[in-house]
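Trainee: turn this into a model:
(one chain, ligands or ions: 2)
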Amino acid sequence: MQAAPRLIRAGSRFGVRHARPMMASQIRLNSTTAAPKKSFSKWAMTKAIVKYGLVGSVAYGIYAMYEQRHPEPQQELDPSKKTIVVLGSGWASTSFLKAIDTTHYNVVVVSPRNYFLFTPLLPSCTVGTIDVRSLVEPVRFITRHKAREVKVYEAECTNVDPERKMLTIKDSSEVKGASAESEIPYDYLVVGIGAQNATFGIKGVEEYGCFLKEVWDAQKIRSKLMDCIETAAFPGQSPEEVDRLLHMVVVGGGPTGVEYAAELHDFLVDDLSSWYPELAGKIKITLVEALPNVLPAFSKQLIDYTESTFKEQNISLHTKTMVKEVHEKDIVVKRPDGSLDTIPYGLLVWATGNTARPLVRNLMAKYPEVQNIRRGLAVDDWLRMKGPEDIFALGDASATHYAPTAQVAAQQGKYLARVFSMLANQEVLEQEIKEAATPEERAKKERKLAKAKDIKPFEYTHQGSLCYIGSDKAIADLPFGPGNVASGGVATYAFWRSAYISNLFSSRNRTLVITDWLKKTILGRDISRE
Ligand code: FAD
Ligand code: NAD
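Mentor: Ligands and ions are numbered 1, 2, ... in the order given. Model prediction:
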């Protein structure tokens, strides 16, 4: 009975230890177990968050994929609603399709390819880092989930008649039925047909060069690359012929050309050197650029970083060098001193940017007074094509002061879908004003209509530029406050990967791309020629 008060009175640790050794050890034990208990609970909490977070995201992913595979029944097309025809299934048109509210409109899609292609990772497909199937999303995976049925025609639009509001569409695929050309009407037309590869009329480019824009371009490059290497291994080739066949030339030092050269370098170092030990050392990569440096849109230190990385990777850079002519086995270039030179090649990848498609040029020619920008369709701040009524142009098909990028196209598509919702809202309000029972109700609706008519012009938000430069390094120019932050290296590559994964349109594509990256890391790239 006395011990307890004594202990309490003792107060100090030492006093306790002397007074009751057993109690002291107990206290020590308690105090030593108390600390780990605290950190254990923190650790347990972290573990629980990670565990439930993981379970939650896996469950969400499975649910999203289940939902994707089981579309709900849709409303039928409504003849009383206006029809929007969307041309194309690229960045601009697809982001428009995703965002458009089909309860207000009938929507028809016309595109010669029945899928969306995630272009930023296309250079990875040229060497088999990623499978092209992982980057495509069928249009119907999107349209089948809209509230109202959306018609999809795998066809090319060959003519627009703005007077009659009529389009001519043509089945340009291999298999054709009895009907391969047709006319379809529109109330509103959204032109998102992108651009085509610029050749500047240089002789031989179309015939001998490989472009890098579409799925089949990446497949052709891959096949031709492997063909060059296998042909170089054929018995009896002269040393000059082996050197030519193993010389891969890229024309254009914009992001497409740089990313392709980078992917090719990785393929050479990671895979070809193992499977073609006798030839790999002879494979050369050359990049030809007309301007004084590559990647003119990036900041100076990133340009320098890219050029020095290419030097380390033995990628020859020929800047201030303009290709003048392309032959079957060599290109003619104009050197900085004005002299002409010949460069033999096995594979030629042509990446010199964009020019307007024939349909765009044809449409522009109908309004020569207002359509005079060669790059594409001139539009106002609301993306309405200058000239005709009710035609809108988005993405690379339009000529704005923005660069022709996926970021711009996607933001424009989303914006235009919002504009259409506001237009539908205006029509509803106009009808309600006509039917208003009292002057007060009418005035209220009129105020709402005035608000609905105040449609803000399109404004682009730049989220930064990224580019892969090989050897697991990327560069990034990211907006930060009034300026921007430039970064390059392996950490930027991790950021590059996560940015592209999060930008992929569906969980399905995300899963496929991550699997491809894992497959490449574990098994290496496939070298068989398709
Ligand atoms: P596209 O995406 O080209 O789509 C055009 C659509 O129109 C296609 O579906 C086509 O089949 C269809 N079409 C063509 N002709 C007709 C016709 N007559 N009738 C009907 N439909 C037609 N931008 C970035 O911001 N970041 C990047 O990392 C990036 N990487 C890129 C990598 C590569 C290899 C390439 C080539 C481009 C890259 N870009 C990138 C640019 C970006 O891909 C384009 O700016 C973007 O695709 C433009 O979108 P769009 O919808 O206007 O055209
Ligand atoms: P680009 O227009 O950006 O670059 C083409 C390059 O080719 C130019 O630098 C030009 O000087 C050069 N060139 C033109 N004619 C030539 C000739 N005869 N000889 C030698 N060089 C010549 O084209 P791109 O790289 O295909 O890009 C097109 C668009 O897509 C751009 O807006 C680009 O920003 C975007 N893109 C972005 C990314 C990315 O962000 N990672 C990747 C690819 C494309």
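Trainee: what about the strand or helix carrying His265, near ligand 2?
Mentor: Here His265, judged by DSSP states H and E, is contained in helix 255-267. Yes. Looking at helix 255-267 against ligand 2 by Cβ under 6 Å from any ligand atom, the contacts come from Pro255, Thr256, Gly257, Glu259. C-beta coordinates here come from the backbone N, C-alpha and C atoms, glycine included.
Trainee: show me how far that helix is from its chain's centre.
Mentor: Chain-centre distance of helix 255-267: 16 Å, with Cα atoms, centre = their mean, to the nearest Å.
Trainee: likewise stretch 400-413?
Mentor: Here stretch 400-413 is found 11 Å from its chain centre; the criterion is Cα atoms, centre = their mean.
Trainee: which parts of that stretch are buried?
Mentor: Neighbour-count burial for stretch 400-413, counted by 16 or more other Cβ atoms under 10 Å, picks out Thr400, Tyr402, Pro404, Thr405, Ala406, Gln407, Val408, Ala409, Ala410, Gln411, Gln412, Gly413.
Trainee: which residues touch the fifth one?
Mentor: What that stands for is Ala406. Trp91, Thr119, Pro120 (Cβ atoms under 8 Å, 6 or more residues apart in numbering).
Trainee: which ones among the residues you listed map onto helices?
Mentor: Among the contacts of Ala406, the ones falling in helices (DSSP state H) are Trp91.
Trainee: what subset of the contacts of Ala406 is also close to ligand 1?
Mentor: Restricting these to those within reach of ligand 1 (Cβ under 6 Å from any ligand atom) leaves Trp91, Thr119, Pro120.
Trainee: of the buried residues of stretch 400-413, which are in range of ligand 1?
Mentor: Okay, of the buried residues of stretch 400-413 touching ligand 1 (Cβ under 6 Å from any ligand atom), that's Pro404, Thr405, Ala406, Gln407, Ala409.
Trainee: residue contacts, the first one?
Mentor: Pro404 is in contact with Ala195, Asn354, Gly395, Asp396, counting by Cβ under 8 Å, 6+ apart.
Trainee: and for Asn159?
Mentor: Leu167, Thr168, Leu359, Asn362.
Trainee: phi, psi of Val86?
Mentor: phi -110, psi 120 (degrees, to the nearest 10).
Trainee: so the closest residue to ligand 2 within the chain versus Gln237, what's the distance?
Mentor: Proximity of the chain to ligand 2 (Cβ to the nearest ligand atom) peaks at Gly254, 2.2 Å away. As judged by Cβ to Cβ, to the nearest Å, Gly254 and Gln237 stand 33 Å apart.
Trainee: these two - which one has more neighbours?
Mentor: Neighbours per residue (other Cβ atoms under 10 Å) separate Gly254 from Gln237, with Gly254 holding more: 18 against 14.
Trainee: how near is that one to Cys467?
Mentor: Distance, Gly254 to Cys467, by Cβ to Cβ: 9 Å.
Trainee: mind listing the shared neighbours of those two?
Mentor: Joint contacts of Gly254 and Cys467 (Cβ under 8 Å, 6+ apart) are Leu295.
Trainee: next to ligand 2, which bits of this protein? Give me the list.
Mentor: Going by Cβ under 6 Å from any ligand atom, the residues of the chain near ligand 2 are 120, 200, 251-257, 259, 288-291, 296-297, 322-323, 351-354, 403-405, 465-467.
Trainee: what's the pLDDT at Gly61?
Mentor: At Gly61, the model reports a pLDDT of 79.
Trainee: leaving out chain neighbours, which residue sits closest to it?
Mentor: Distances taken as Cβ to Cβ, 6 or more residues apart in numbering put Ser507 closest to Gly61, at 5.1 Å, once the chain neighbours are dropped.
Trainee: what residues are up against the one you found?
Mentor: Ser507 neighbours (Cβ under 8 Å, 6+ apart): Gly61, Ala64, Met65, Gln68.
Trainee: can you check Phe96 too?
Mentor: Listed by Cβ under 8 Å, 6+ apart, the contact set of Phe96 reads Val86, Val190, Gly192, Leu394, Gly413, Lys414, Leu416, Ala417.
Trainee: now for the third one, how many residues are close by?
Mentor: What that stands for is Gly192. 29.
Trainee: my guess is it contacts Ala410. True?
Mentor: No. Counting by Cβ atoms under 8 Å, Ala410 is not a contact partner of Gly192; they are 10.5 Å apart.
Trainee: shared neighbours of the two, which are they?
Mentor: Joint contacts of Gly192 and Ala410 (Cβ under 8 Å, 6+ apart) are Trp91, Ala92.
Trainee: helix or strand for Leu429, which one?
Mentor: Leu429 belongs to helix 406-434 when assigned by DSSP H and E.
Trainee: flag every buried residue along that helix.
Mentor: Of the residues in helix 406-434, those buried (16+ other Cβ under 10 Å) are 406-421, 423-426, 429, 432-433.
Trainee: residues contacting whatever residue of the stretch 1-150 of the chain ends up closest to ligand 1?
Mentor: Ligand 1 sits closest to Gly90 of the stretch 1-150 of the chain, with a gap of 1.8 Å, by Cβ to the nearest ligand atom. Contact analysis of Gly90 by Cβ under 8 Å, 6+ apart lists Phe116, Leu117, Thr119, Gly192, Ile193, Gly194, Gly395, Asp396, Ala409.
Trainee: pretty sure Thr321 sits against Leu287.
Mentor: No. When contacts are counted by Cβ under 8 Å, Thr321 is not listed as touching Leu287 (9.6 Å).
Trainee: for these two, indicate the residue with more neighbours.
Mentor: Leu287 (26 against 22).
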